[in-house]
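> Show me the folded form of this:
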Amino acid sequence: VESIALLVKQKRIDGVTDLRDESDQEGMRIVLELKRDAIEDVVLNQLYHHTQMDSTFGIINLSLVGGEPKVLGLRDLLQSHIDYRIEVVRRRTQYDLGKARQREHIVEGLLTAIDHLDDVIRIIRRARDGEDASTQLRTRYLLSEDQTKAILDMSLRKLTGLETQALRTEQDALKRTITDLEGILGSKERVLNIIKAELVELKEKYGDPRRTAIVTAAEDLEVEDLIAEEDNIVTITNTGYIKRLAATSYRSQRRGGKGVTGMETKEEDFVVNLFVASTHDYILFFTSLGKVFKLKAYKVPLAGRYAKGKPIVNLLPRLEPGEKVEAMIPTREFPEDQFLVLATKKGRIKRTSLAEFQNIRVSGIRAIKLNEGDELMDVQIAHGDEEVVLASSGGYANRFPITQVRPMGRTAAGVAGMRVRGGDELVSMSLPKNPGAELLTVLSSGYGKRSTLASYRKTRRGSKGVRTTSAKFTKGKVVTVQIVEPQEHLLVTTKAGVVIRCPVSDIGVKGRATRGVRLQRLDEGDEIVAVARLVEEEEQDAAVASAPPPPPPAAS
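Okay, here's the model as predicted:
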């Protein structure tokens, strides 16, 4: 009880409000009162894990088998004991058979003497001594030495009619006994039945009621068994900091004012990605070198709303120097009919079943085979027959059905998704689900615009696509082409570290092949390097509100 109280105080056992020892002369009873929102199975698993309620001890099954010491498993132990019991029963039966045959031999000699009583008495009376009488009896009636000895030792009372009948009855019983014992020695099944009967006899004679209860053995406890399943918000910042927040911390507060999510970050840092995941979900981390790592969501550090979080590289210590996390996908299951779409900077694209990523080593596995000088650019999950829009830094966008990319194995290099010119590279991939979606195009020179998805005609996989900027305006490279909503805000970051916030609604809707409007005035030598959708507190609250409730904990 004291150890449980200490664990509760140390927060190693959560959800306990009161602990009482109600043990008395009738038995032991410890009562734990739990918080209203506590999960009984989680608390019970914590008790099993941290206290002596569940203890494990090791044994060595060292046995002498044929005079040789051996370490045996349970099956071999049982088999060795059965073999030993078979040998005991056989040797005991063999001994009993020998005794019965010996007694039958004696009784047969006595009955022979009684049947020839007058002649036997005459031989004995005429004999010089006992040895001479024994010799004459053996010669006359073909008796053994043991039989003649029993005859000479027989008392006169054995000559009565009652004793004679008793000997004949004994002879019949001995014959039956011998037949039965020979049958036991000739049948392994009868030997095993004797062993079973003797075990039952021991149980009935010496058995007593069990003092402990037999319950279904609990499976080995994993860390996951000690963690309550609940929805969490996972956020990632521009500089690679990640954290996990309890969804209740948003539901319990009113939605606040404008600005980035409450978070202590550097001035140039901001949240660029957010998703809701259960603590028991997996998060797939895809890196620039084409590798993928898998981590349980509960292993992401739980932090407060204003904490900065932890660098992603600290969660994935097997990252190589210069390797960066480019995409994260949360998932609970790995169905074969759901696909991940991977795109590289050199324009390659691949569609692979999510089931291919179910078994991932701690050191990570290859998610895509990259050509020399290529890097993984983005990974997104495809839920159906979406379209994909690939955009290059050279000002082109290629729109085509994702079904044009056949499913491939995990280690495949993919196929050509978009033809990029020398010096250009893929900068973004979008999977629009709404035909009326709008695409935002931002140039490094500070210009940007919104265009309707419909203005981008469908081409085919592997083509260079269509213009997403004005052919006459060649100043600056395309930084991103991504789907946006009018109510969203953008954070635009420059090479000099200047960050501005820009409402999407302030960016005009222009034609596809236009340069757009000026988003930011840049100093000489400066340029835009990154554009991210700003994650508002309202959006975080909405994400939590729309998340399905976690399934109930499994019954113990």
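> Please enumerate the strands of the stretch 301-450 of the chain.
Counting by DSSP state E, counting those that start in this stretch, the stretch 301-450 of the chain has strands at residues 310-311, 325-331, 339-344, 348-353, 365-366, 376-382, 387-392, 396-401, 415-416, 426-430, 438-443, 447-452.
> For E40, find the nearest of those.
With respect to E40, and counting by CB to CB, the nearest of these is strand 325-331 at 27.4 Å. The C-beta positions use only the backbone N, C-alpha and C, and glycine is treated the same way.
> Show me which residues of that closest one are buried.
Taking 16 or more other CB atoms under 10 Å as the neighbour-count basis, strand 325-331 is seen to contain the buried residues 325-329, 331.
> so what does it touch, helix or strand wise?
Here strand 325-331 touches strand 231-237, strand 271-278, strand 282-287, strand 376-382, going by 3 or more CB pairs under 8 Å, 6 or more residues apart in numbering; DSSP states H and E.
> Residues contacting the third one, please?
Residues outside strand 282-287 that contact it (CB atoms under 8 Å, 6 or more residues apart in numbering) are 234, 277, 292-297, 300, 312, 316, 319, 323-332, 342, 357, 360, 364, 367, 376, 379.
> how distant is that strand from the center of its chain?
Relative to the centre of its chain, strand 282-287 is centred 18 Å away, using CA atoms, centre = their mean, to the nearest Å.
> I'd like to know which of the contacts of strand 282-287 are buried.
Buried members of these, counted by 16+ other CB under 10 Å: 234, 277, 292-297, 300, 312, 316, 319, 323, 325-329, 331, 342, 357, 360, 364, 367, 376, 379.
> With just CA atoms, put stretch 321-333 into PDB.
Taking C-alpha atoms only, stretch 321-333 is exported to PDB below (Å, rounded to 0.1, in the frame of the first residue of the first chain):
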ATOM      1  CA  PRO A 321      23.800  14.600 -41.400                       C
ATOM      2  CA  GLY A 322      21.800  16.900 -43.700                       C
ATOM      3  CA  GLU A 323      18.800  14.600 -43.800                       C
ATOM      4  CA  LYS A 324      15.500  16.500 -43.200                       C
ATOM      5  CA  VAL A 325      12.000  15.400 -42.400                       C
ATOM      6  CA  GLU A 326       9.900  16.500 -45.400                       C
ATOM      7  CA  ALA A 327       6.500  15.000 -44.600                       C
ATOM      8  CA  MET A 328       4.500  13.400 -41.800                       C
ATOM      9  CA  ILE A 329       1.500  11.100 -42.200                       C
ATOM     10  CA  PRO A 330      -0.600  10.000 -39.200                       C
ATOM     11  CA  THR A 331      -2.400   6.600 -39.500                       C
ATOM     12  CA  ARG A 332      -3.900   3.900 -37.300                       C
ATOM     13  CA  GLU A 333      -4.100   1.100 -39.800                       C
END
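> Check the gap between the nearest residue to V313 once chain neighbours are set aside and F286 for me.
Of all residues not flanking V313 in the chain, L319 sits nearest, at 5.5 Å (CB to CB, 6 or more residues apart in numbering). L319 sits 12 Å away from F286 when distances are taken as CB to CB, to the nearest Å.
> Same question for Q147.
According to CB to CB, Q147 stands 97 Å off from F286.
> a markdown table for the helices and strands packed on strand 325-331, including distance to N45?
Shown next, in a markdown table, are those (distance: least, CB to CB, whole Å):
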| stretch | distance to N45 |
| --- | --- |
| strand 231-237 | 19 |
| strand 271-278 | 17 |
| strand 282-287 | 20 |
| strand 376-382 | 32 |
